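> Could you look at this predicted model? Sequence included:
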Amino acid sequence: MHFLGRFDEAMRYGETAVRLDPSSATGHMNLGRTLQAGGRLEDAIAQFREAIALNPHLAEAYENYAYSHRVAEDDVISEDLTAALAERGWNASERARLRYAAGKVESDRGSYKVAFTHWREGARLRRKSAQYSSANSRKQFAEIKAIFDSPLLKRRLRRPVAGPVPIFIVGMPRSGTTLIEQILASHPKVAGLGELPHITKIANGVSEWSAAAGKFPSALAGLDDSDWARAAKHYMERLGGTVREPFISDKMPSNYHYLGFICLLFPNARIVHCRRDALDTCVSCFTTDFTAGQEWSYDLGELGVHYSLYLDLMAHWRRVLPLPIYDIQYESVVADLEGEARRLMKFCDLDWHPDCLEFHRSERPVFTASSTQIRQPLFTSSIGRWRRYEDQLKQLIDNLPPEAIA
């Protein structure tokens, strides 16, 4: 329920499930995840701990517990994980979860080499079952660039469709997109809607709203203004009619693939591109257990290639898009929150509001991998994090463009 945006309902169901069956480890774990999304971190941690106690063979509970907070030196989770990893009977996905959890625990304790060994093994297990090819990604990125040239982009709508002004927050995962949305969503005129799948589904379902045959992006070449208007209305209809604020934020990082499509639909859109040090971004991706959708993150070499493709596509968008792209650097936000927040509001045509500086106090649910960090004031400990693992990153560094790590 909470992934469908029905957070209050999810909380009620979770609490009811645990009350009716207090021996259900899965029930405690799911309630913990909902509590974590809502910012009730201590309660969430207790639920994850209870899930492990009830069922030591629930791998996901270990992972949720480890990533929900900084694990203390004397926490018995380390012994629990060691015992769990020594057992047989785990499938590959479960063992991967345990490895990611062990990596997080060892990292919290400062055992960085041991932590990276766990993460590398977890990623290896994920990669074995992943259907991914860097060569196919190169072809897909090249096709997007070829289709979205200036002539096609000149066909975009001249008038916005009815609905709130969309602010699209894009970038690599783990680049600060959740932070930037939380800052924006703290403004009373912005509804922070999180990671919406709407653009991806509409772009890849062209035949559902037009007479075009084929797939994205080639199918877009023959569409006209009425098609673009229909697609834009389709997006607004997917918001469900519950938004009262004049602006919304759509924080799907991978929408950077679809910026040309977005420009065709929304002439009034704001595009905010989140940037962060390349190596910090990549290391954060590699040490996060993306169970699906980010298959390029499981191998350091493929991760470097993907990051290079992302940089190249963003450079293309800057050359051809009729809408401006606002770049915001994570490290700059940490160093000067108010200054960067004010500049961001100005770009989005929003008046300044002091609540934007109190983003960590917001009660809106957050479902991303940053749901724990976003409940805290800004901290600098994640800047330069990659240096802890520098001697294990050669494969990544060799596949990044020199300008990314200069």
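Good, I have the coordinates.
> alpha carbons only for contacts and neighbour counts from here, please
OK.
> Name the residues of stretch 148-158 that come out as buried.
Residues of stretch 148-158 classed as buried by neighbour count (16 or more other Cα atoms under 10 Å): 148-149, 152-153, 155-157.
> And stretch 229-239, by the same measure?
Residues of stretch 229-239 classed as buried: 229, 231-233, 235-236 (neighbour count, 16+ other Cα under 10 Å).
> Give the rounded mean pLDDT of the helix or strand where residue 64 lies.
Element membership for residue 64, per DSSP states H and E: helix 59-67. Averaged over helix 59-67, pLDDT sits at 95.
> Residues in contact with that helix: which ones?
Helix 59-67 is contacted from outside by 29, 33, 45, 48-49, 51-52, 77, 81, 94-95, 97-98, 100-102, 104-105, using Cα atoms under 8 Å, 6 or more residues apart in numbering.
> Under the pLDDT cut-off, which ranges of the stretch 151-300 of the chain? List them.
For the stretch 151-300 of the chain, applying pLDDT under 70 flags no range at all.
> now with 80?
Across the stretch 151-300 of the chain, the stretches falling below the confidence threshold (pLDDT under 80) are 291.
> and residue 392, how many neighbours does it have?
Neighbourhood size, residue 392 [other Cα atoms under 10 Å]: 16.
> next one: residue 241
Residue 241 is surrounded by 9 other residues when neighbours are defined as other Cα under 10 Å.
> Next, give phi and psi for it.
Backbone torsions of residue 241, given as degrees, to the nearest 10, read phi 70, psi 10.
> what does residue 334 give?
Listed backbone geometry of residue 334 is phi -60, psi -40, with angles given as degrees, to the nearest 10.
> picking up where we left off before, are any of the contacts of helix 59-67 buried, and which?
Judged by neighbour count, with buriedness set by 16+ other Cα under 10 Å, the buried members of the contacts of helix 59-67 are 29, 33, 45, 48-49, 51-52, 77, 81, 94-95, 97-98, 100-102, 104-105.
> got a list of what residue 73 touches?
If you count contacts by Cα under 8 Å, 6+ apart, residue 73 has them with residue 109.
> the longest helix in the protein is where?
The helix of greatest length in the chain, counted in residues with DSSP state H as the criterion, is given as helix 300-320.
> hmm, who's touching it?
Outside of helix 300-320, the residues that reach it under the criterion Cα under 8 Å, 6+ apart are 134, 137-138, 141, 145, 149-150, 153, 172, 256-257, 259-260, 282, 286, 296-297, 324-325, 393, 395-401.
> Where helices are concerned, which of the residues you listed count?
Assignment to helices by DSSP H places the following of these there: 134, 137-138, 141, 145, 150, 153, 259-260, 282, 286, 395-398.
> and the next element down the chain from the helix or strand that contains residue 167?
Element membership for residue 167, per DSSP H and E: strand 165-171. Stepping forward along the backbone from strand 165-171, the first helix or strand reached (DSSP H and E) is helix 177-185.
> just checking, what packs against that following helix?
strand 165-171, strand 190-192, strand 247-250 (3 or more Cα pairs under 8 Å, 6 or more residues apart in numbering; DSSP states H and E).
> Of all the residues in the first one, which ones are buried?
This points to strand 165-171. In terms of neighbour count (16+ other Cα under 10 Å), strand 165-171 has its buried residues at 165-171.
> Let's see that strand as PDB, backbone CA atoms only.
Presented in PDB, the C-alpha positions along strand 165-171 are these (Å, rounded to 0.1, in the frame of the first residue of the first chain):
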ATOM      1  CA  VAL A 165       3.400  22.700 -12.900                       C
ATOM      2  CA  PRO A 166       5.600  19.700 -12.900                       C
ATOM      3  CA  ILE A 167       9.100  19.800 -11.500                       C
ATOM      4  CA  PHE A 168      11.100  16.800 -12.700                       C
ATOM      5  CA  ILE A 169      14.100  15.900 -10.500                       C
ATOM      6  CA  VAL A 170      16.500  13.700 -12.400                       C
ATOM      7  CA  GLY A 171      20.000  12.300 -12.100                       C
END
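> For that strand, which helices and strands make contact with it?
Other helices and strands packing on strand 165-171, by 3+ Cα pairs under 8 Å, 6+ apart, are helix 177-185, strand 247-250, strand 270-275.
> That one pairs with which strands, parallel or anti?
strand 247-250 (parallel), strand 270-275 (parallel) (DSSP bridges).
> Mean neighbour count and distance to residue 68 for those strands - can I get that in CSV?
What follows is these, written out as CSV (neighbours: other Cα atoms under 10 Å; distance: least, Cα to Cα, whole Å):
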stretch, mean neighbour count, distance to residue 68
strand 247-250, 24, 24
strand 270-275, 23, 24
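> can you redo those as JSON lines with distance to residue 188?
Below are those laid out as JSON lines (distance: least, Cα to Cα, whole Å):
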{"stretch": "strand 247-250", "distance to residue 188": "9"}
{"stretch": "strand 270-275", "distance to residue 188": "17"}
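> Which residue lies nearest the spatial centre of the chain?
Residue closest to the mean C-alpha point of the chain, counted by Cα atoms, centre = their mean, is residue 173 at 4.7 Å.
> Give the full set of residues in contact with it.
Residue 173 sits next to 253-254, 281, 285 when contact means Cα under 8 Å, 6+ apart.
> thinking again about what came up before, nearest to residue 121 among the buried residues of stretch 229-239?
Closest approach to residue 121 among the buried residues of stretch 229-239 (Cα to Cα): residue 235, at 40.1 Å.
> Spatially nearest residue to the closest one, not counting backbone neighbours?
residue 198 (6.3 Å; Cα to Cα, 6 or more residues apart in numbering).
> Next: residue 25.
In space, and not counting its chain neighbours, residue 25 is closest to residue 51: 4.2 Å by Cα to Cα, 6+ apart.
> I'd say residue 215 and residue 206 touch.
Yes - using Cα atoms under 8 Å, residue 215 is in contact with residue 206, at 6.9 Å.
> Who has more neighbours out of the two?
In this view residue 215 and residue 206 are compared by other Cα under 10 Å, and residue 206 has more residues nearby, 21 against 13.
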